[in-house]
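>>> I need the structure of the sequence given here:
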Amino acid sequence: MRARYESELARRRFLRADPDNRLVAGSLEAEWNVKLRALAEAEQNYERQCQADQSKMSPAQREQVLALAADFRRLWNDPGTANRERKRMVRLLIEDITIRKGDQIQLDIRFRGGAAKTLMLPRPLSFCESHRQNPAMVAEMDRLLDDYNYADTARILNQKGLKTGDGLPLAPIAVGYIRKAYGLKSRFDRLRERGLLTISEMAKACGVSINTIGHWRRKGIIRAHPIINRMQFLFEPPGPNPPKKHDRSFANKVA
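Reported below is the predicted structural model:
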């Protein structure tokens, strides 16, 4: 109830106050006392109202209430019982629950009537455990990343009927997440280990600008391999005879 919340809030404010600041501490203590009196009054009113409600119940109504309490499982599972009513039922039954985490989850439940019960539950799977990927899919992804970018890798895996740990089709972004999660070598590192060059290194090797390298790539004059998508590339070394911008043979090739 709100009175209990406000009383607890006033208590915390008082306990956090600097005891050397007597004016503030005294003010907060007075506020706490006011809230405690309001809480006591609210609890008394609640008890009086409960007693009044009970006195208004006929013997038949009392029997109906007791029957519902005895058949708690049926009432809880009844499709007509709204979730807000289930929450009220729990609040009326349970005083508090203490949770202890170990190899299992231990729940110490204290009921309002004074009874207590301890439940031992298995620990839920972590996010990584519950979303564990198929080892065969991860192995195939590792193999495909040697020759394909993320989009093509996802397309081929989907064609093979392989899915994510959630049972969903592969998307390029999922390929990136899974690669990182399972420590697979990046596409960039794979291509660099094969000796492929960045666009700046390729331009320097050919003695031209990076704009020219981009133009040559689009014309198919040089061989390029996409990294993650088809916006970034690494290039195969030009060899001992790189193309020249103003060679007649080159001009005929790009024409």
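
>>> Ser209 and Ser200 touch, don't they?
No. Between Ser209 and Ser200 there is no contact under C-beta atoms under 8 Å: 10.1 Å. (Glycine included, C-beta is placed from N, CA and C.)

>>> Run through who's touching the one helix or strand Arg88 maps to.
Using DSSP states H and E, Arg88 sits in helix 83-93. By C-beta atoms under 8 Å, 6 or more residues apart in numbering, the residues outside helix 83-93 that reach it are Phe72, Leu75, Trp76, Phe111, Arg112.

>>> Make JSON lines out of those and add neighbour count.
Below are those laid out as JSON lines (neighbours: other C-beta atoms under 10 Å):
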{"residue": "Phe72", "neighbour count": "11"}
{"residue": "Leu75", "neighbour count": "16"}
{"residue": "Trp76", "neighbour count": "12"}
{"residue": "Phe111", "neighbour count": "13"}
{"residue": "Arg112", "neighbour count": "11"}
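
>>> neighbours of Lys163, just the number please.
Residues contacting Lys163 under the criterion other C-beta atoms under 10 Å number 16.

>>> isn't there a helix covering it?
No. If the criterion is DSSP: H, G, I helix; E, B strand; the rest coil, then Lys163 is coil and not within a helix.

>>> what are the phi and psi angles of it?
With angles defined as degrees, to the nearest 10, Lys163 sits at phi -130, psi 170.

>>> Check the residue nearest to it when sequence neighbours are not counted and give its pLDDT.
In space, and not counting its chain neighbours, Lys163 is closest to Pro169: 6.1 Å by C-beta to C-beta, 6 or more residues apart in numbering. Note on Pro169: pLDDT of 91.

>>> just checking, Pro169 touches Leu162?
No. The pair Pro169 and Leu162 does not pass the contact test of C-beta under 8 Å, sitting 9.1 Å apart.

>>> Which of those two has more residues huddled nearby?
Shown here are Pro169 and Leu162; by other C-beta under 10 Å, Leu162 has more neighbours (18 against 13).

>>> mind listing the strands for this protein?
Here the chain has its strands, by DSSP state E, at 94-101, 104-111, 116-122, 224-226, 233-235.

>>> How about residues contacting the third one?
Which is strand 116-122. With C-beta under 8 Å, 6+ apart as the test, strand 116-122 has contacts from Gln104, Ile105, Gln106, Leu107, Asp108, Ile109, Arg110, Phe111.

>>> Could you do the fourth one as well?
Under the criterion C-beta under 8 Å, 6+ apart, residues Asn149, Leu191, Leu196, Arg217, Gln232, Phe233, Leu234, Phe235, Glu236 lie in contact with strand 224-226.

>>> Nearest residue to the last one in space, ignoring adjacent ones along the chain?
I take that to be Glu236. Closest residue in space to Glu236, ignoring its immediate chain neighbours: Arg223 at 4.3 Å, by C-beta to C-beta, 6+ apart.
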